[in-house]
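>>> Any chance you could fold what I've pasted below:
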Amino acid sequence: MKFAVLVFPGSNCDIDCYKAVEETLGEPVDFVWHTATDLSAYDCILVPGGFSYGDYLRCGAISRFAPVMNEVAKAAEQGKFVLGICNGFQILTEAGLLPGALRRNESMKFRCHDTTLKVVNYKTPFTKDYTAGEEIIIPIAHGEGNYYCDEETLAALKANNQIVFTYSDNPNGSVADIAGICNERGNVVGMMPHPERAVNSLLGSEDGKRMFSSILKTWRDTHGTASVR
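Okay, here's the model as predicted:
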């Protein structure tokens, strides 16, 4: 399985994502610049956190126009796996690949600490190694992580089981405590917490490691190859 980690001007969690794949899965992974116009070689695309284009206008509002985002949309349509983390989640909402928007934290302060998440949907390609209702520790680091959508969209998210994670102690004011969602197909996930920063006990938690192992297991099940170690 081959992973791509997108890099925009201002990305600062791209190396974390790269190392998470390299060290926890041992699968091939490449950095891919925002000007790329072909992602056909990749099975999973990681849109990392950071401050792409300095978060000017709105977080992710400029990155959504980068040439590589046309290829991300094509990959999502083809059923490939796309994971947007923090600023990556913001970019996916700006690009229309996920519904809703991320607003300023209710506290108007940057929040950087561990959070407890509840696994709401354990049946996505990204969460199969978790159990329903399981609580996991994943850190956050954001100033605009307040997820918002209108009542109609929220009702659809609930009806389609698109809410993947919720906060146990909502740190930013997100509607319905939402920490992460997926598209209707389940192959695109966006979340504000950083699973790539929770893949080793030295980092304080290994709970994020299972997101990456879930992706690999799902891909191997689909392609009939050996299960992940």
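>>> When you work out contacts or count neighbours from here on, use the C-alpha atoms and nothing else.
Will do.
>>> I'd say residue 101 and residue 89 touch.
No: distance between residue 101 and residue 89: 9.1 Å, which falls outside the contact criterion (Cα atoms under 8 Å).
>>> for the chain, what are the low-confidence residue spans?
By pLDDT under 70, the weakly predicted segments of the chain are 226-229.
>>> quick one on the thing from earlier: who has more neighbours, residue 101 and residue 89?
Per other Cα atoms under 10 Å, whichever of residue 101 and residue 89 has more neighbours is residue 89, with 30 against 20.
>>> Just the CA trace of the longest helix seen in the chain, in PDB.
For the chain, the helix that runs over the most residues, judged by DSSP state H, is helix 209-223. Written as PDB, here are the backbone C-alpha positions of helix 209-223 (Å, rounded to 0.1, in the frame of the first residue of the first chain):
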ATOM      1  CA  LYS A 209      -1.700   4.000  15.800                       C
ATOM      2  CA  ARG A 210      -4.900   2.000  15.200                       C
ATOM      3  CA  MET A 211      -6.200   4.600  12.700                       C
ATOM      4  CA  PHE A 212      -3.200   3.800  10.500                       C
ATOM      5  CA  SER A 213      -3.400   0.000  11.100                       C
ATOM      6  CA  SER A 214      -7.100   0.200  10.200                       C
ATOM      7  CA  ILE A 215      -6.400   1.800   6.900                       C
ATOM      8  CA  LEU A 216      -3.800  -0.800   6.000                       C
ATOM      9  CA  LYS A 217      -6.000  -3.800   7.100                       C
ATOM     10  CA  THR A 218      -8.900  -2.500   5.000                       C
ATOM     11  CA  TRP A 219      -6.700  -2.100   2.000                       C
ATOM     12  CA  ARG A 220      -5.200  -5.500   2.400                       C
ATOM     13  CA  ASP A 221      -8.600  -7.100   2.900                       C
ATOM     14  CA  THR A 222      -9.800  -5.500  -0.300                       C
ATOM     15  CA  HIS A 223      -6.700  -6.600  -2.300                       C
END
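>>> what comes up buried for stretch 191-209?
Neighbour-count burial for stretch 191-209, counted by 16 or more other Cα atoms under 10 Å, picks out 191-200, 205-209.
>>> ignore the last one, stretch 123-138
In stretch 123-138, counting by 16+ other Cα under 10 Å, buried: 123, 124, 125, 126, 127, 128, 129, 130, 135, 136, 137, 138.
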